[in-house]
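S.K.: Structure, please.
(4 chains)
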Amino acid sequence: MIKALIAKLFSYFSLPHILVGFVWVVFKFAVIAAIMVVVVLMLVLMERRVLAVLTIRKGPNRVGPNGLLQTIADAIKLLFKEDIVPTGADRVLFTLAPVLFFAPVLVVYGLIPFAEGRAGIDSSCSLLLLLAVSSVGILGLVSAGWASNNKYSMLGSMRSVAQGISYELPLVIAALGVVLLSGSMSLNEIVLAQKNILDWYILPSGIGFFIFLTCTLAELNRCPFDLPEAESELVGGYNTEYSGMKFALFFLAEYALLFAYSAVIATLFFGGYTSPFGVYAMGFIPYLKKIVFVEQFFWLMLKTFVIVYLIMWIRATLPRLRADQLMSFSWKFLLPLSFLNLILLALLKYYLG
Amino acid sequence: MVIEELKLNIGPQHPSTHGVLRLVADLDGEYIKDIEAKIGYLHRGMEKLAESRNYQQYLPIVDRIDYLSGFFNAASFCYAVEALADIKVPKRAEYIRFITMELNRISSHLFWLGTFMLDLGATSPLFYTLREREVIVKLFEDLTGQRLMYNYYCFGGVKRDLPNGWLTRVREFCEDFPSKIDEYEKLITENPIFLERTKGVGVLSKEKALDFGITGPNLRASGVRFDVRKNLPYGIYREFNFDVPVLNDGDCYARYQIRLLEMRESIKLIQRAIARIPGGASEKLHIKRTNCGCNKPECPFCGEDTQIYLKKINPIGLRIPSNEVNIWVESSRGLSGCYVKSNGTNSADRVKWRTPSFSATQVLPELCKGGLYADVIAILGSLDIVLPEVDR
Amino acid sequence: MFLGGFGAFFAFAVFSVMFAVAALVVSFILAPKAPSENKKSTYECGMQPKGEGQINFSVKYYMFAILFIIFEIEALFLFPWAVIFKKLGLFALIEAFIFVFVLLLGLVYACQKDLLEWRR
Amino acid sequence: MSFYEFLNNHGIDYSQEQEASGGVVLSIKKEDLLACCEILKTDRLFNYDMLLSVTGMDCRTHFEILYDLYSTRSHSRLSLKIKTDRVNPNVESLYSLYSSADWHERECFDLLGIEFVNHPNLERILLPKDWIGHPLRKDYNQEDERLCWNKR
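M.R.: Now for the predicted structure:
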């Protein structure tokens, strides 16, 4: 619809038609970036409010109605904050690190199908791309820790790389189980294969979901795997020396990734944007039939936020693991378990359908 | 290629050193090869201050030694001066001291539990424990007017009587509180990650504990049954029969459990004390005048010009014949000792504070060596160190 | 279509980097600048740092990295298998099982050699 | 065998005092300290296995050091008191018997300047390394211009 509009405009102003595709991509990017920013602003507030409720506090409730504008105020504050580069730091890498951490996140957003056929990047192997891109972020953390020339940052980045590496594997193999079930690497097709609640892949691949969620927590550096930035041990971890917008980019990317991974979990195991009942309410109403993607977007958001809440709940409950326990948990428990899951799913698929 | 070592300063400005402790660690990856504790960043010269102040002026300061359990410091100093001046404390005042000290022990342990869990990375228990601690602190505020530095005890008793309904509120708290401990236990005790982080971590053997002079819950978690309240009773503790919980493991988990048991025990003690507290007029709460009975005009105690009114600020202050005394009190962290040497004037010749955290800090490097960096934080948290008490 | 599929992917990558850089540039223009020696000093709990912060990684990390690469490549081999699993039939199923079994043997071997232990 | 017989048997000179709260203070000779502590610690009956504090005092003519011992076997406490000169004060360190002596003696050295012979690491603990003087001595000059609070 909008693409057609753009094409019309181009022919009206007699601009070269070859640029239409390019403008279309720019438009999609703008929409997805807007979604990301809004989602992050909501998530930060949500996290603070959820944690506050779970720990019998009130949370932010001063800025704006009921504290709703708190994160916007924070963002503006960070934008206007002085950006300090410590002496002895590697200036180039120090500036590059937040970019390196942040940029893959937006690409991940581009790969998530928000509604039927509506993803920023249409690709037949979007799941593989997603897994590949999302692990680039670790490079950002490592270079941040290295460039800061700070021992705490260094320790934090060492931890993050060890953790990132170890939990990437079970994550990929758990995702492999879903690929096996659906026979496709396109997220869109994976979603379409689970059109109602009985088709959800959590049912055959419950172990896979558990592994994927655990690894997600580790990839996100969230409790109980928040070792790279464990504030009671490493003060701030890899972002100890960061301030101003560079810190904000780290912060933004972290929360954006939280949402992205939750959306991926919803997509892989909970039917993504499809309605759990197999039919859409909007599909019955004549005029709204055309914009049924709004309802699909709503379903994805609902599922994602339930998972986000689950992750926040875990944060409020559990203490932090120790580095060696973290590693052995991944290599000695999660990795064999994920292979077992794969074998079970293959047998299931072979014998049942 | 030479493997470089990382020499890392943990503290003085670090989120989990509980004040301004500085640990200098040699790290090999995540492992602690060597660690050294450096103290003194909070040294305020508490012992030197005693030389230039008279006894009444010094009394408010002693609350600052261990700010989380101020009553114990005040109690040990009061008991010391009372022993020197031979003042007998009225029964009701002793009971009030007893109740406030035990409540203080609970509030201190609660704060410890919260911060310990925070060190381990769990944020929620802090808020739950602070919720209960707030009740106690509110009780103290209504009693003394202060939330932390109470300055409530005076030589010969306590400064004022309990407010109306105060004991009822304490009783209500005591009835309510055990269920709250159960709540913490539900959240923490069985948690597999918590067990992994604490079981077998920082094992303080019985011999080492004795060698380093560790006292209090840390010692009892290592299997030594030593509690000053029981073994060398002071105040009215000898009138109460109570259990001293002892565990044998000596690791962080045992130190966690022992404090929960102690809180439960303290609750029982408070309940029994409330049942037995004698009534009486409020003017009987403290001895206003010490009297050695000789009634000679030149006597420093009975003479007309040096009568001591402990309630009022007296420019002359309390004059104490030269003698020495060494009082031990079981504070929430262990044996808190106060040595006072008087010299016949109104200020002490020497005051020495023997504090449990000092010994606990001393043993810390021993426990941390060979462990992981994260263990240092867990052990530091489990030892319950309060830095103002270490440095004084 | 122009920029479909992978084209869009690369466009997104470029735009994302531009987005992040733009945020930094905006902040660079807006933020105040008042550097001082104390402010710029490296944080180490208020003490003067001794020695370099940029030290060598412990060799254990390389072991994990090598293991990671082995397993990650193996996992990648399994992806195409998983996609056309249905068409390949029993033979491919058994073959994949043998493949996974060999992988797990490698893991057990690494475990036996204490490569997965953090303690020396 | 009573405690005092026990001391006599080991040839330790002591004079016994009682402090105001009823605790026992034994004044012994400086030279006897290490030997006395050793027999007190190793004896199976008395077994004073904890050194709880080391208190140094400036008595203007001399220094006194008070050692608080505690026995977890018999649950009794005992204080040992020794005297040392003001000029060149020194005493044998108890570090070989009790690890806790380490910091307690360092504190005593820091604040009073008493030297503990054979102490492994006798340096200031509470005050900075470049501090001037020993504050708990009665003749400590707080107006010393070299002290940081007197510097303008």
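S.K.: Next one: residue B:330 from residue A:218, what distance?
M.R.: In this view, residue B:330 and residue A:218 are 44 Å apart by Cβ to Cβ, to the nearest Å. Heads up, the C-betas are built off the backbone N, CA and C, glycines and all.
S.K.: give the contact list for the residue of chain A found nearest chain D.
M.R.: The minimum distance from chain A to chain D, using Cβ to the nearest Cβ, falls at residue A:151 (23.5 Å). Going by Cβ atoms under 8 Å, 6 or more residues apart in numbering or on different chains, residue A:151 touches B:6, B:8, C:44, C:49, C:53.
S.K.: Filter the residues you listed down to the buried ones, PyMOL style.
M.R.: Those of these that count as buried under 16 or more other Cβ atoms under 10 Å in any protein chain shown are selected in PyMOL with:
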select buried, (chain B and resi 6+8) or (chain C and resi 44+49+53)
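S.K.: and the residue in chain D positioned nearest to chain C, how many neighbours?
M.R.: Of all residues in chain D, residue D:128 sits closest to chain C, at 13.3 Å by Cβ to the nearest Cβ. Applying other Cβ atoms under 10 Å in any protein chain shown, we find 11 residues neighbouring residue D:128.
S.K.: same check, this time on residue B:171
M.R.: Neighbours of residue B:171 using other Cβ under 10 Å come to 14.
S.K.: and it, what is it in contact with?
M.R.: B:271, B:274.
S.K.: cool, residue A:244 as well?
M.R.: With Cβ under 8 Å, 6+ apart, residue A:244 has these contacts: A:78, A:79, A:81, A:82, A:83, A:84, C:27, C:31.
S.K.: Now the element after the helix or strand encompassing residue A:26, going C-ward?
M.R.: Using DSSP states H and E, residue A:26 falls within helix A:19-54. The element immediately downstream of helix A:19-54 (helix or strand, assigned by DSSP H and E) is helix A:70-79.
S.K.: Quick one: work out the angle between that following helix and helix A:19-54.
M.R.: 110 degrees (axes from the mean of the first three to the mean of the last three Cα atoms, to 10 degrees).
S.K.: OK, now which residue of the stretch 1-150 of chain A is nearest to chain B?
M.R.: residue A:55 (3.8 Å).
S.K.: In terms of pLDDT, where does residue A:141 sit?
M.R.: pLDDT for residue A:141: 86.
S.K.: typo on my end, residue D:96
M.R.: 87.
S.K.: Touching, it and residue D:117? I think so.
M.R.: No. Residue D:96 lies out of contact with residue D:117 (Cβ atoms under 8 Å); the separation is 11.1 Å.
S.K.: Can you identify the element that follows the helix of greatest length in chain B toward the C-terminus?
M.R.: Assignment by DSSP state H gives helix B:91-119 as the longest helix of chain B. Helices and strands here follow DSSP H and E; after helix B:91-119, the next one along the chain is helix B:124-144.
S.K.: Pull the residues that contact that next one.
M.R.: The contact list for helix B:124-144, computed with Cβ under 8 Å, 6+ apart, reads A:54-57, A:316-317, B:100, B:103-104, B:106-107, B:110-111, B:113-115, B:117-118, B:146-148, B:150-152, B:159, B:162-163, B:166, B:169-170, B:173, B:177, B:180, B:183-184, B:187-188.
S.K.: Can you select the buried ones from the residues you listed in ChimeraX?
M.R.: Selecting only the buried entries of the contacts of helix B:124-144 in ChimeraX, with 16+ other Cβ under 10 Å as the criterion:
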select /A:54,55,316,317 /B:100,103,104,106,107,110,111,113,114,115,117,118,150,151,152,159,162,170,173,177,180,184,187,188
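S.K.: how about the strand or helix carrying residue C:14, does it reach chain A?
M.R.: Assigned by DSSP H and E, residue C:14 falls within helix C:6-30. Yes. Using Cβ under 8 Å from any Cβ of the partner chain, helix C:6-30 reaches chain A at C:6-9, C:11-13, C:15-17, C:19-21, C:23-24, C:26-28, C:30.
S.K.: picking that back up, between residue D:96 and residue D:117, which has more neighbouring residues?
M.R.: When residue D:96 and residue D:117 are compared on other Cβ under 10 Å, the one with more neighbours turns out to be residue D:96, at 14 against 10.
S.K.: So that one, which state does it fall into?
M.R.: Under DSSP: H, G, I helix; E, B strand; the rest coil, residue D:96 falls in the coil class.
S.K.: Nearest spatial neighbour of it, chain-adjacent residues omitted?
M.R.: residue D:118 (7.2 Å; Cβ to Cβ, 6 or more residues apart in numbering or on different chains).
S.K.: The one you found touches residue D:94, doesn't it?
M.R.: No. Taking contacts as Cβ under 8 Å, residue D:118 lies outside contact range of residue D:94: 9.4 Å.
S.K.: can you give me the angle the helix holding residue A:26 makes with helix B:124-144?
M.R.: Using the same axes, to 10 degrees: helix A:19-54 against helix B:124-144 is 40 degrees.
S.K.: list the helices and strands the helix or strand of chain C at the bottom of the mean pLDDT ranking packs on?
M.R.: Ranked by mean pLDDT, DSSP states H and E, the weakest helix or strand in chain C is helix C:37-40, scoring a mean of 78. Helices and strands touching helix C:37-40, by 3 or more Cβ pairs under 8 Å, 6 or more residues apart in numbering or on different chains; DSSP states H and E: there are none.
S.K.: Give me the contact list for it.
M.R.: With Cβ under 8 Å, 6+ apart as the criterion, helix C:37-40 contacts A:84, A:85, A:86, A:87.
S.K.: just stretch D:118-131 next, same as before
M.R.: B:39-40, B:43, B:391-392, D:92-93, D:95-96, D:101-103, D:105-107, D:109-111, D:115-116, D:135.
S.K.: Of these, select the buried ones using a PyMOL command.
M.R.: Per 16+ other Cβ under 10 Å, the buried members of those correspond to this PyMOL selection:
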select buried, (chain B and resi 39+40+43+391+392) or (chain D and resi 92+93+95+101+102+103+105+106+107+109+110+111+116+135)
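S.K.: did I read that right, residue B:24 in a strand?
M.R.: Yes. Counting by three-state DSSP, one finds residue B:24 located in a strand.
S.K.: follow-up on the earlier one: quick one: which of the contacts of stretch D:118-131 sit in helices?
M.R.: B:391, D:101, D:102, D:103, D:105, D:106, D:107, D:109, D:110, D:111.
S.K.: Grab the most central residue of chain B for me.
M.R.: Most central in chain B under Cα atoms, centre = their mean is residue B:331, positioned 3.5 Å from the mean C-alpha point.
S.K.: Pop out the phi and psi values for it.
M.R.: phi -90, psi -180 (degrees, to the nearest 10).
S.K.: So it sits against residue B:74, correct?
M.R.: No. Residue B:331 is not in contact with residue B:74 according to Cβ under 8 Å; the separation is 10.7 Å.
S.K.: pLDDT weak spots in chain C?
M.R.: Residues of chain C meeting the criterion pLDDT under 70: C:1-5, C:50-58, C:116, C:118-120.
S.K.: Any buried residues in the longest helix along it, and which?
M.R.: In chain C, assigned by DSSP H, the helix with the most residues is helix C:85-112. Judged by neighbour count using 16+ other Cβ under 10 Å, the buried positions of helix C:85-112 are C:85, C:92, C:93, C:96, C:100, C:103, C:107, C:110.
S.K.: Now do the same contact list for the fourth one.
M.R.: Think residue C:96. Counting by Cβ under 8 Å, 6+ apart, residue C:96 has contacts A:346, C:78, C:81.
S.K.: Could you measure from it over to chain D?
M.R.: 61 Å (Cβ to the nearest Cβ, to the nearest Å).
S.K.: Spatially central residue in chain A, please.
M.R.: Nearest to the geometric centre of chain A sits residue A:260, at 2.1 Å (Cα atoms, centre = their mean).
S.K.: excluding its backbone neighbours, what's nearest it?
M.R.: With sequence-adjacent residues excluded and distances taken as Cβ to Cβ, 6+ apart, residue A:260 is closest to residue A:108, at 4.7 Å.
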